[in-house]
Each structure stands twice: as C-alpha cells, then as structure tokens.
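*Asks:* With the sequence up front, the predicted model follows.
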Amino acid sequence: MNDVRTYALVDASGLVDNIILWDGNDGWIAPAGLSAVLCPEQVGPGWTRRGDDWLPPLSPPDE
C-alpha cells in the first residue's frame, strides 16, 4: 500500500478549495478547474499558493 499524503485542491488563481488525503497513484483526477498539489499538513481551504509558497487566509480586519 502506498503512503497517503495531504494534497490541496487549488484553482487557477492559487486559492485552496479543499484538502484531500491521497496516495497520488490510484488514477483519481481532480475536478474540472482544480489541480491536486502536494502540500504541508497545516494548509487548509482559504489558503493561497503563490509559486512554492503557501499563504494562510488574511485575518479579518479589526472592527
């Protein structure tokens, strides 16, 4: 059995739509408009990928 790793489903703008656990080898294909990208475990929906960097969502402004 292959090792399962954390992948981000990233849209064309670099926004992380979802996170999946996948072995990377079973023939699964990401939904249209998304790419599966191996990522660190702390990455989650709302993060952004810029080049090789993973950026957390911006904090909401203070009220």
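*Replies:* Looks like it came in fine. Residues are numbered from 1 along each chain as shown.

*Asks:* SS state for the spatially most central residue of the chain?
*Replies:* Per CA atoms, centre = their mean, the C-alpha nearest to the average position across the chain is that of Ala8, at 1.7 Å. Recorded secondary structure, Ala8: strand (DSSP: H, G, I helix; E, B strand; the rest coil).

*Asks:* Return the residues in contact with it.
*Replies:* Contacts for Ala8 (CB atoms under 8 Å, 6 or more residues apart in numbering) come out as Val16, Asn18, Ile19, Ala36, Val37, Cys39, Val43, Trp47, Arg49, Trp54. (Each C-beta comes from the backbone N, C-alpha and C, glycine too.)

*Asks:* where does this structure have low pLDDT?
*Replies:* Across the chain, the ranges flagged by pLDDT under 70 are 1-2, 60-63.

*Asks:* rewinding a little: adding secondary structure and distance to Trp28, write the contacts of Ala8 out as CSV.
*Replies:* As requested, these are exported to CSV (DSSP: H, G, I helix; E, B strand; the rest coil; distance: CB to CB, whole Å):
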residue, secondary structure, distance to Trp28
Val16, strand, 18
Asn18, strand, 13
Ile19, strand, 14
Ala36, strand, 8
Val37, strand, 14
Cys39, coil, 16
Val43, coil, 19
Trp47, coil, 21
Arg49, strand, 20
Trp54, strand, 22
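
*Asks:* still on that earlier bit, report the beta-bridge partner residues of the residue nearest to the centre of the chain.
*Replies:* In this entry, Ala8 is beta-bridged to Ile19, Val37, by DSSP bridges.

*Asks:* on that earlier part again, now which of the contacts of Ala8 would you call buried?
*Replies:* Listed as buried from the contacts of Ala8 are Val16, Ile19, Ala36, Val37, Cys39, Val43, Trp47, Arg49, Trp54; burial here means 16 or more other CB atoms under 10 Å.

*Asks:* I'd like the distance between the second one and Trp47.
*Replies:* In this structure, Ile19 and Trp47 are 9 Å apart, going by CB to CB, to the nearest Å.
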